[in-house]
Each structure stands twice: as C-alpha cells, then as structure tokens.
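Enquirer: Dropping the sequence and predicted coords here.
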Protein chains: 6
Amino acid sequence: MNRVKTGVPGLDKLIEGGFPEASSILFVGPPGCGKSTLSQQFIAEGLKSDQPGLYITLDISPQEVLSTMGNFGWKTKTERLKFIDAYSWRVGKTTGENVLTNLGNINDLNIAITEAMKKLNSSKVKRNVFDSLSTLLLYADPSLVVKFIPVIIAKAKNEGFVQILILEEGVHDQKTVNTLNYVTDGVIEFKMEEDKRFLRVVRMKATKQKGEWTRFDITNKGIRM
Amino acid sequence: MNRVKTGVPGLDKLIEGGFPEASSILFVGPPGCGKSTLSQQFIAEGLKSDQPGLYITLDISPQEVLSTMGNFGWKTKTERLKFIDAYSWRVGKTTGENVLTNLGNINDLNIAITEAMKKLNSSKVKRNVFDSLSTLLLYADPSLVVKFIPVIIAKAKNEGFVQILILEEGVHDQKTVNTLNYVTDGVIEFKMEEDKRFLRVVRMKATKQKGEWTRFDITNKGIRM
Amino acid sequence: MNRVKTGVPGLDKLIEGGFPEASSILFVGPPGCGKSTLSQQFIAEGLKSDQPGLYITLDISPQEVLSTMGNFGWKTKTERLKFIDAYSWRVGKTTGENVLTNLGNINDLNIAITEAMKKLNSSKVKRNVFDSLSTLLLYADPSLVVKFIPVIIAKAKNEGFVQILILEEGVHDQKTVNTLNYVTDGVIEFKMEEDKRFLRVVRMKATKQKGEWTRFDITNKGIRM
Amino acid sequence: MNRVKTGVPGLDKLIEGGFPEASSILFVGPPGCGKSTLSQQFIAEGLKSDQPGLYITLDISPQEVLSTMGNFGWKTKTERLKFIDAYSWRVGKTTGENVLTNLGNINDLNIAITEAMKKLNSSKVKRNVFDSLSTLLLYADPSLVVKFIPVIIAKAKNEGFVQILILEEGVHDQKTVNTLNYVTDGVIEFKMEEDKRFLRVVRMKATKQKGEWTRFDITNKGIRM
Amino acid sequence: MNRVKTGVPGLDKLIEGGFPEASSILFVGPPGCGKSTLSQQFIAEGLKSDQPGLYITLDISPQEVLSTMGNFGWKTKTERLKFIDAYSWRVGKTTGENVLTNLGNINDLNIAITEAMKKLNSSKVKRNVFDSLSTLLLYADPSLVVKFIPVIIAKAKNEGFVQILILEEGVHDQKTVNTLNYVTDGVIEFKMEEDKRFLRVVRMKATKQKGEWTRFDITNKGIRM
Amino acid sequence: MNRVKTGVPGLDKLIEGGFPEASSILFVGPPGCGKSTLSQQFIAEGLKSDQPGLYITLDISPQEVLSTMGNFGWKTKTERLKFIDAYSWRVGKTTGENVLTNLGNINDLNIAITEAMKKLNSSKVKRNVFDSLSTLLLYADPSLVVKFIPVIIAKAKNEGFVQILILEEGVHDQKTVNTLNYVTDGVIEFKMEEDKRFLRVVRMKATKQKGEWTRFDITNKGIRM
C-alpha cells in the first residue's frame, strides 16, 4: 500500500512511511495540543510537491490559517491550496467562493466539499483537513453528522484524498467518538502534560501499531519529533 | 447437529467441527481486529465446495471485498458468490443489481436480502455475512434494527443459511449488544493487544464452551490459529 | 397450599414439593442456560397426568419446541398441549389457529392467551409457559408490557394455571426486571460458569428460601439436579 | 401527641406507643418481606375496638385480603372494614361498590378514596392502608402520582385517618422514593436475610429514632417482634 | 454590611452577627432535621421587634405553623405576620386572602408574593420564609422554578426582605441544587445522626466561613446551639 | 503576540504579561470565589488608561457593580464604561439604554452586544466581561447558548475586545463546560478552601502553562496575588 508523507519524518517512521493512501485519519485531543498544527504541516508537505490541499476551516478564518502557516515558514501562495470557509459567517461574512452561510445545513457543506474536491483535479496525491468535526457537531445535529462523515470519507477515498479529521476531546459522547473511530482508517490521539506534547497511533489501517505515547515539540518551523 | 466448517481449522476444533447448521453467529470486536477477514474466509471456504455465499456489505464496496479476498488467494470468480451492495450509495452509485439507494429504509434491505437468498437456491449449505450491523445501526433507527435482525435470522434459518453478523465494539449501548446476543445462536468476541489478535467463543448453540481467549494471526493466506 | 411438581424432583425438594398452585414464576438468566428446557420439562410433567399445557412461543417455532421435547423423550402428541405461535410471522406465516400476525399489538396476544386458556378447560392443574418476555419487550412497548404482565398473571391465577415467565438477563433495564420481580409469585435465577449450570430460588411465595446456587445438568432425558 | 397502636406491641415500644395520630407512614421493602401482613394486622388491631378501617388493594383481591386475615385469626366480618378494589379489573370485574374500572385515571381513585373516607364516619381513630403505591406508579403516570400522594395524605390527616402506604423496593427511581419519604410523616424499612425478617424505623414524626434493624417473625397469629 | 439576627444566638456568632441584610439563604437537609423550626424562630425573632414576617407555606397549613410556633412560646398574634397559604388547596380550600388554588401556576404564586411583600410595608428589616421549594418543584415545572427563584430573590432584595428558602435533600437533581446554590447569597446544610442535629454554613455572602458541622438541639423553647 | 494587563500584576507574571490580545478567557469556579472581582479589576485596569470597557451583567444590577467597584477605590465615572443590563428585568425594569426585557431571547442579547461593541469605538485595546454565562444558560436554551458564544467570541475578536466569560461550577453538564473550554482561548479555574482563594491557568493560547494552583486574596483594594 502506498504511503503519503505526513510532513513530520518522526511520525512517518512510526507508521511505515506515512498515512495509507486514500485513508481518513481521526485526530483526537484537548484544545491547544497541536492537532491543527500537524494538519497544516501535512497540507504544507503536499504543497511542496504540488499536491493539492483542501482546508475546511470551522474554528478560525482562512486568513488566520494562512498567517499561522506563514509564521512556520510554509509556502501557501499557490493555486493548489483551497479553503472552505465555514468560520466567517460568525462575523457576518457569508458571500464569496467557498464561504458557507451557516453550519446548520450539512447539505451545503456536502455540496461545497464535493465541488471543491472536483476542482482540485490532479493526478497527484491530494490532501484535505476538516478542522474541526467538533464545531460541526456543535452546530449541526450530531446524529446527522455521524451519518455524514462516512459519506465524506467515501468521497475522499473515491477522489484520492488523504484526509485528516480533527475532534476535540471530552466534548462529545463516547458513542459518537467510537463511531467516528470505526468509520475512519486510523486514529491518532494527542495529550499534553504541562507544556509537553505527546501523540500516539491508536490504530492505523494496514500498519503495525505500537500504541505508545511519543513526545513531540512545536518549534518555530513546525512540529518535530 | 451438522457442523459447517468455518475455513479456519483451529477454530473448528474449538467448536466441535464448525458452526451449527442454520445458525446465526455474532462477531463482536474493535475495528481492525479481523472480523471481516474471518467472515470472508468463511465465505471462501464454502465457495471451495460450491456452497453459495451472500455478502451484505455496508462499509466497503464489493470490489474492495473481492480485491481483499483475491489478495489472500481465495477464489471469488463464481456465480455462487452474490453481494448486496449497501455501500456505493455513499459515492453516488445507486443503480445496479442488489445496489441499495440508501440505508435508512430497512424495508428495502429486507427485500434485497430475501430475494438474494431465494436466488441462491441450492441443496448445499449456504453462507452469508452481514458486514456490519454497526453501520446499519448508524443509518437506521436502532429500535427498528433490533426488531429486524431476529426476522433476518429466522429467514436465514428457514432458507438453510449459516450467517455471520458483524458488530463493532463500544459503539452501541449495552442493551442493544445484549439483545443481539440473545437473539443469535452464538457469539464470538475479538480483541487486540498491541499487534496480537485473539478471539473467544462466548456462547455457541449446542456446543461446549471454553470461553478462553485464543491467539490467531492474519497471514498472507488468511487467518491461522 | 397445594404444590405443583416441576418435573425436576431435585428442584421440588428445594421448594417444599413444587411451585405453589396458581402461581406465576419468573425465570431469569443468560441465553443457553436451560430456562426453556426446564419450562418444557415442566409442561411435559403435567402432560404425564393429563394436565393441560399452554406454550406461548416467541423465539422458536412450535415445531422446534415439539422436536426438542421429543429429543428428550417427552410425550407431546396430545390434545392437552396447545401452542400460541408468536414466532412464525417472522418467516411470513401469519395464519392458522393461534398464530399471531405480529408482536407489536399486545391486545392480539391478550385475546389469544385468554381464549386458549378458556379452551384448555379442565378440573386438573393447568400449566403454561411464556417464552420469552424478552422478545415481547423487544417488539412491544415495554411500558405497556409491564402493565400487561400483571393482567396475564391475574388471569392465569383466576383460571388455575401455574405459569412460567422467561426473561433474558442483561437485556432489560433494572426497573423492568424489578417490576416483573414484584408482580410475580416467585423468581428463579439461572447462571452458567463455563459449561456448568446453576439455578437458585431467589423468592417463592409461601416457601422458605435458601437462596443458594444449586448445580444442575441437561442430560439426554432433560434436567437432573 | 396521641399514639395509635400498630397491632404489634414490640413495634409500639420502638415508637413511643404507636404511630402518631393523623400520620401517614411509608413502608418500603422487597416483595414477601411482611409489609402487607403488618398493614393488615394494623387494620385488625383497629377493628378490635371498632375503629373503622379502609383497605385500598391494588395487588390482590379483597377476598384474598380477607382470607389471609382470616388465616391469622383476625376478625374481619364487620361493617367497619371497607375495601377499595383496584385489583379485580385485571380479571374483567369492573362493577360493584368501590370497584375501580382501571388504574390509569387517578381522578377515579381520588374520588373513591374521598367518598370511602367520608362514609367511614366515626369519632374514633380511623385507619387505612394503600397496598401498593408501586402498582399505582406502574399503571398511572408517576409524575402525577407523586403529586397525588400529598393530596391523599392531606385528606387522611384532615379526616383523622392514620395511613400506611406500601412501596416496593428497587422498582422506582430514587427521586420518587425520596419525594415519598419527605411528604410522609414516617418511614419504616423492611428487609429479608434468608428467611429472617427485619424492620427499622428510619424516621417518625415527633418520635425519637434509633434506626436499628429489629428482627420480627410472621407466625400463624401474625407478626411478633 | 448590616446583620439580621437569626433568633439563634449561637448561629449569629458563626456568621458575624446574623444573616446579611437583603440576603436570601438556602436551607438544605433531610426531612425532620429542623429547617422549618429554625425558619419559624427566625420569623419569631423579627416579630419581637415588630419586624414584618411573611411565611409562604406549601407543606402544612398556616394554622399548623401558628400552632407549632405557639408551642415554642413564640408570639404570633400580630398583624405583622402574614401567610401565603399554598397548602390548603389539597383539602379543597381554595378561597380566602392569600390562599392559592393550586401550585402548578407559578404566576399566581409570583403575584401573591409580590402583593404580600408590598402590603408588609415597613421601614424595619423584613423577613420571609419559603417552606418549601421542594414542594414547588414537585408541583410546578422545575425548569420554570429555577428561573422563578432568582426573580423572587431579586424582588426580596429590592423590598428589603431577608429570606429563607427551604429545600429537601435527595429529592432534586444535583444541577437544580447547584443552581439554587449559586443564585442565593448563602447556604446552610442540616443533617441528623441518630437523634442529634447538626448544621453548617457552607457559604455566606460577605462572611468568613468555617464550614464545620455544629450541633444544635430543638428544645421546648426552640433551637439552642 | 501583544499582551493585555489583567490588573493583577501577580497574574500577569503567570501568563507572560497578561491575556493575549483579542482573546476570550473563561473563568470557572464556585460562587463567591472572586471571579466577578477579578473581572471588575480587569475592567478598572483598562479604564485607568482610557481603554473602553463593556460589562454585561446578568446577576446583579449595574448600580451594584459600580458600587462594588467604587468600594475597591476604582474609578468608574467615565463614558468609557458601558453596561448591558440583563438583570433589572427581574424587578420589573425593562426600559432604558441597554436594558434587556428578558433573557429568553438570545437574539436581543446578540444585538445589544453587537451595538454596544460598535459604540465603544476606539483605537485602544477594549475589554468586556460576561457575568455570567451560567445565568444565560439558566434562562435561555443551553443548546442555543453554546452556539451563540462562539459567535460572540468571533465578534469580540473581530472588534479588538479582550473578553472574560464567567461560568459557575457544578451547574452545567460536563459537555457544555468542555465545549465552552475548547471554543475559548484560555481557561482559568478558581477554588476556595475554607477562606483561602486559589486560581490556576488551565490553558492559555500562545502561553506556556504551569497549571498550578496559586493563592490570592481579596483586599479592600482588590485582588492581590
């Protein structure tokens, strides 16, 4: 099975070279633990070799994502990087390409993702990030969201995307978490102890797991482990 | 009572030669533990001697099932193997023989299973797999699903099928699990410890149980224990 | 108070000669522990001396009940044994004497039981089995079932029936179990440890209880303890 | 405060001579522990000195209550003893003085109790038993029942009745039990250990409590402690 | 901050001289622990110096409150003491000054309290007791009651009343209790161990807390500690 | 990242100079622990250098806030300090600038906050306090409130406000608390042990955390630590 580099060589080593192709990986952890940073680094890694990237942002604006990525020194000025802006409606901005007017209607999001995936046509590996499922679960009916995610996963797989799905810890009921666990191809957990950050690969399709916590740092050039 | 070989000789030994005829067996375990692999091996075992097989797939496409089975070296090019495709609607495919248009309507699934079972007419033992109940419970009303499963079990028994029903662990409430336990003829639990896999026979109709965890491996020729 | 022999002399000894006349006894335990076998033996014991028996079957067909009883060597070819068939609707059979068309309507079941009890007119002790309440609780509204059971118990008492009600363990909420406990005249619990079977008399009207687990076996002639 | 003898001298000693006048006492315990027996003995004690008694029976017929009381040798043939029959509707009897047609309508029960209390006019202490609240909670909406009980308690106090209210243990949620606790004037708990019976006075208005379990026996002349 | 004497000098010492002016204090404890007695003593203390008192009674009649207070030797024959009678509707009395016709309509209660507070016009400190919130929570929708209490507290503060709110322990869910905790200015818990009574000041606005259990007794002249 | 002084130098030291600019910080703790005092000190700190302040008050009147701040010696007579009065409707005051007529309609609150933020136009840092979310969660639908808070946070960030959100402990379900945790930029917990007060920085955006409890005192000049 082909592997897709995560952008963090230390993590690639843990999982036999990278995420499995066409897989959807769940990131679970508390706020501020590095889930979004790793996701942005994963997108930046692809952009280096002209692999398209799609960032579905629900918690901060695309401008803030770009600014954060720029601060790490990652190239973001490229046609290959697209956003779905599911944040700016909060401050009243509801027009523009890929700007959602609200988060209550999963159908609009479905259409936006489907169309954006089609536009990012490429023979290369494609990458996308959903940041975060927790906010979607906050604004849309959770029983619909858990039915929607497997559909998005199937579409991503069908279109050749490797996908990261971000989930906050402690916010959702255990069944929702377990359901998202079994419908994805892999799960990475994050934790913090004081200022130290750790991740572990709980499960990864077609990959031997160790399940051990591994320390990583967020430097001014991104995550190092 | 006649026994139906599971395809794994080591497992047959544990349960007096195989699954009881016309029985429905529940497989319970976490994602990635080998439930689907054992189910596919069970279907392949039947195909060796021209026993019809019906694979009801909700989590991956029939093509992926066939590809996985082919990778293990199992013969799948036969009229004896039929699929009910309850997956492809996710990526927009909703036509074709035995392709369901969605999973919310249990009635459609009921009709598809009933008709497919009738078409697989044979004097031999017949086998079917439901992979997975968890996804049906995700998309359809669980209170209807627990009423539907005993009906499917009764039909399978009536038509001479030995049936495997797959259930993800930790996703459903305990009462649903216990109900599915008592309406089936047997329960096999799976677990993983690091990269090691184990199963145990919790209960099996007309069979002395040990209830001990037994290790097994997934080799490139399938499950060995 | 008159006692009605259970068919298992070892059990009769534990409870001062048998079940109290006109009593309703709850059997609680996991699947495969012998609840149905003891119930069928109880019916067979009555048939020996021409006591009428009514078997309300929801989990297997009357034919399977008869076949199982025949395998134990018990006489079943008699006008004295009647069935209410609340199983065969699952495989599409909904006509015939005492065949219910579904289980969602408690009223139909109520009428069928009331009429069957009247037809089994006799000056002798009468016996009936409800196998199982769990399946009724699965298909009908539990809040209606717990109101229905005391009515059936009152009718059985009024008509001179000794009645066994079978309940699966772990499937129902504790309040439902406790309610069925207090509305019956006695409770017998079953358990399995590996292949060994045990029962204990938790409570029995007008009977001194020990409450100790007693081992029993299922032989080819039925239960021995 | 005047005291009303319970009929069990050993219990009277524990509570400064008997129940406080115009009080409502809650009996809580498992099935078969002696709650009804003590209640009937309490009624019989009153009848000895021509104190009117009202027995509201929901779990067995008035005939069975009379028969049980007769077996203990207690006088029951008197105009002073009235029943409200909230049981016989189960076997289809719904006419007659003080026979309720069902238990779903609390209003009917309210009217029946109010009228029966008025008819039992007397300058003497009056006694009544409600056997059991649990069955009322089973058939009527519990949120209405907990509002109805304080009304019945107020009426009993107003009419000069000392009242026993019987509640099964483990059947109701803790808030219902705690609510019935605080709206009554006293609580007596019952328990069984093997064949031995115990009660303790948890709380009693205007009475010093010990709160210790005291053993009692049910002899052929009733309860002795 | 001015202090209002509680009527129990021992308690005043614990809380820097008495309850803070214009504060609302929550009393929490099991039935029979002395909550109402302390509340009545608090009202009686005010009446000694012609401070108006308002007793909102939901659990017993105003006559019983007066009788109990009289038994302790407290003066109650005064225009300064008013009742809102939210009890007598239970025995059918629904007319008269400040008699509520039921407890389901919080609006009626709101109006009655607002008007009674206005009538008790005085330049002195004013006192009122709400006995008990538990009964209001029983008859009215709890989600409305928790919204109503802060309104009553604001009105009492605005009108210069020091207010005691009584709550039974174990009857309400923890969130309701915690909500009533944070919307009041202080909380006193009560407990009983056998016949000994204890209270502790859990929290009191503008007051240093010790949080220790302090024993008190109910004598024939009221509470002493 | 620019820092905004909290008004408590000891706290500023813990968090690298103050709250991050344009951040929203959650204060969580029991009643009476100092959450409001710290919030008022934070507003007063800004007023010293003419930074606008917006105090959204739901639990006490603006007059009481001003009076409390005055008692600490803080300057409050300035056009720079605005209130949204979401308290006074309780005592019937529903007119005036920024006076809400009730708390059930989040839309009204949203408009009031949006307009007040616009009026406090300034090139300086702006500060606002929401005291308390708990009372909003009490009066408005919690599932709407958790969707509303991220919108208010986005608006505050967009308008350049540093915002404190106050939450009572133990009153809300854990998921609501966890959701408010992940949608804010930082969390400070408060606790009391007897009369000693402590706080700890659980999480703060762009700030190294220690997570240790630090003692503080409320003096007559405000909080000192």
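Expert: Done, it's in. None of the values given here were measured: they were computed from a predicted structure.
Enquirer: Buried residues in the helix or strand where residue A:13 lies, which are they?
Expert: Secondary structure from DSSP states H and E places residue A:13 in helix A:9-14. Going by neighbour count (16 or more other Cβ atoms under 10 Å in any protein chain shown), the buried part of helix A:9-14 is A:11-12, A:14. All C-beta atoms are positioned from the backbone trio N, CA, C, and that covers glycine.
Enquirer: Quick one: residues in contact with that helix.
Expert: Residues outside helix A:9-14 that contact it (Cβ atoms under 8 Å, 6 or more residues apart in numbering or on different chains) are A:3, A:5-6, A:18, A:38, A:199, A:201, A:210, A:214, A:216, A:224-225.
Enquirer: which SS class is the nearest residue to residue A:180 once chain neighbours are set aside?
Expert: Spatially, and ignoring its direct neighbours in sequence, residue A:180 is nearest to residue A:26 (5.7 Å; Cβ to Cβ, 6 or more residues apart in numbering or on different chains). State at residue A:26, reduced to three classes by DSSP: H, G, I helix; E, B strand; the rest coil: strand.
Enquirer: How about residue A:175?
Expert: Assignment for residue A:175 (three-state DSSP): helix.
Enquirer: For the residue nearest to residue A:21 when sequence neighbours are not counted, the count of nearby residues, please.
Expert: Counting by Cβ to Cβ, 6+ apart, residue A:2 is the residue found nearest to residue A:21 once chain neighbours are left out, at 4.2 Å. Residue A:2: 11 surrounding residues under other Cβ atoms under 10 Å in any protein chain shown.
Enquirer: and which of the buried residues of helix A:9-14 is nearest to chain C?
Expert: Using Cβ to the nearest Cβ, residue A:14 is the member of the buried residues of helix A:9-14 that sits closest to chain C, with 39.5 Å.
Enquirer: ok so, going back, quick check: bridge partners of the residue nearest to residue A:180?
Expert: Bridge pairing for residue A:26 (DSSP bridges) gives the partners residue A:165, residue A:187.
Enquirer: Let me know the secondary structure of the one residue in chain A that gets nearest to chain B.
Expert: Residue nearest to chain B within chain A: residue A:154 (3.7 Å; Cβ to the nearest Cβ). Following three-state DSSP, we place residue A:154 in the helix state.
Enquirer: Do you know the pLDDT at it?
Expert: On pLDDT, residue A:154 comes in at 96.
Enquirer: Which elements pack onto the helix or strand bottoming out on mean pLDDT in chain A?
Expert: Using mean pLDDT, DSSP states H and E, helix A:174-183 stands out as the lowest-scoring helix or strand of chain A, at a mean of 90. In terms of contacts (3 or more Cβ pairs under 8 Å, 6 or more residues apart in numbering or on different chains; DSSP states H and E), helix A:174-183 is packed against strand A:24-29, helix A:142-159, strand A:161-168, helix B:133-139.
Enquirer: thinking again about what came up before, and the residue of chain A closest to chain B, how many residues sit next to it?
Expert: Residue A:154 has 21 neighbours, counted by other Cβ under 10 Å.
Enquirer: Spit out the contact partners of it.
Expert: B:87, B:90-91.
Enquirer: dump the residue contacts of the residue in chain A positioned nearest to chain E.
Expert: Residue nearest to chain E within chain A: residue A:173 (17.6 Å; Cβ to the nearest Cβ). Counting by Cβ under 8 Å, 6+ apart, residue A:173 touches residue F:175.
Enquirer: Closest to residue D:164 out of the buried residues of helix A:9-14?
Expert: Relative to residue D:164, the closest of the buried residues of helix A:9-14 is residue A:14; by Cβ to Cβ it sits at 69.5 Å.
Enquirer: was I right about residue A:209 contacting residue A:203?
Expert: Yes. If you go by Cβ atoms under 8 Å, residue A:209 and residue A:203 touch, sitting 6.3 Å apart.
Enquirer: Torsion angles phi and psi at the residue of chain A closest to chain E?
Expert: Dihedral angles of residue A:173 (phi, psi; degrees, to the nearest 10) stand at phi -70, psi 160.
Enquirer: one step back: what is the nearest of the contacts of helix A:9-14 to residue B:74?
Expert: Of all these, residue B:74 sits closest to residue A:3, with 26.2 Å by Cβ to Cβ.
Enquirer: which parts of whatever helix or strand residue A:67 lives in are buried?
Expert: Element membership for residue A:67, per DSSP H and E: helix A:62-71. Counting neighbours by 16+ other Cβ under 10 Å, one finds that the buried residues in helix A:62-71 are A:62, A:65-66, A:69.
Enquirer: Mind giving me the packing neighbours of the strand or helix carrying residue A:111?
Expert: Using DSSP H and E, residue A:111 sits within helix A:106-119. Secondary-structure packing of helix A:106-119 (3+ Cβ pairs under 8 Å, 6+ apart): strand A:53-57, strand A:81-85, helix A:142-159.
Enquirer: Return the most buried member of the ones you listed.
Expert: Among the helices and strands packed on helix A:106-119, ranked by average contacts under mean count of other Cβ atoms under 10 Å in any protein chain shown, first place goes to strand A:53-57 (a mean of 24).
Enquirer: any idea of the angle that strand forms with strand A:161-168?
Expert: Per axes from the mean of the first three to the mean of the last three Cα atoms, to 10 degrees, the angle that strand A:53-57 makes with strand A:161-168 is 20 degrees.
Enquirer: mind exporting strand A:53-57 as PDB, just the C-alpha atoms?
Expert: The C-alpha atoms that make up strand A:53-57 are tabulated as PDB, following Å, rounded to 0.1, in the frame of the first residue of the first chain:
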ATOM      1  CA  GLY A  53      -4.700  20.700  -0.500                       C
ATOM      2  CA  LEU A  54      -8.200  21.500   0.800                       C
ATOM      3  CA  TYR A  55      -8.600  23.000   4.200                       C
ATOM      4  CA  ILE A  56     -12.100  23.000   5.600                       C
ATOM      5  CA  THR A  57     -11.900  25.500   8.500                       C
END
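Enquirer: what's in contact with that strand?
Expert: A:39-40, A:43, A:46-47, A:62, A:65, A:80-87, A:109, A:113, A:116-117, A:120, A:126-131, A:161.
Enquirer: for it, what is the average pLDDT?
Expert: Here the average pLDDT along strand A:53-57 is 98.
Enquirer: Neighbours of the residue of chain A found nearest chain C, how many?
Expert: Nearest residue of chain A to chain C, counting by Cβ to the nearest Cβ: residue A:175, 17.6 Å away. Neighbours of residue A:175 under the rule other Cβ under 10 Å: 15.
Enquirer: Assign the residue nearest to it when sequence neighbours are not counted to helix, strand or coil.
Expert: Once flanking residues are discounted, residue A:175 sits nearest to residue B:171: 6.1 Å by Cβ to Cβ, 6+ apart. Recorded secondary structure, residue B:171: coil (three-state DSSP).
Enquirer: check contacts around residue A:192.
Expert: Contact analysis of residue A:192 by Cβ under 8 Å, 6+ apart lists A:29-30, A:32-33, A:198.
Enquirer: okay, among the residues you listed, which ones form the most distant pair?
Expert: It's A:32 and A:198 that sit farthest apart of those, by Cβ to Cβ, at 13.3 Å.
Enquirer: More neighbours: which of the two?
Expert: A direct count of neighbours by other Cβ under 10 Å for residue A:32 and residue A:198 places residue A:32 higher, at 21 against 18.
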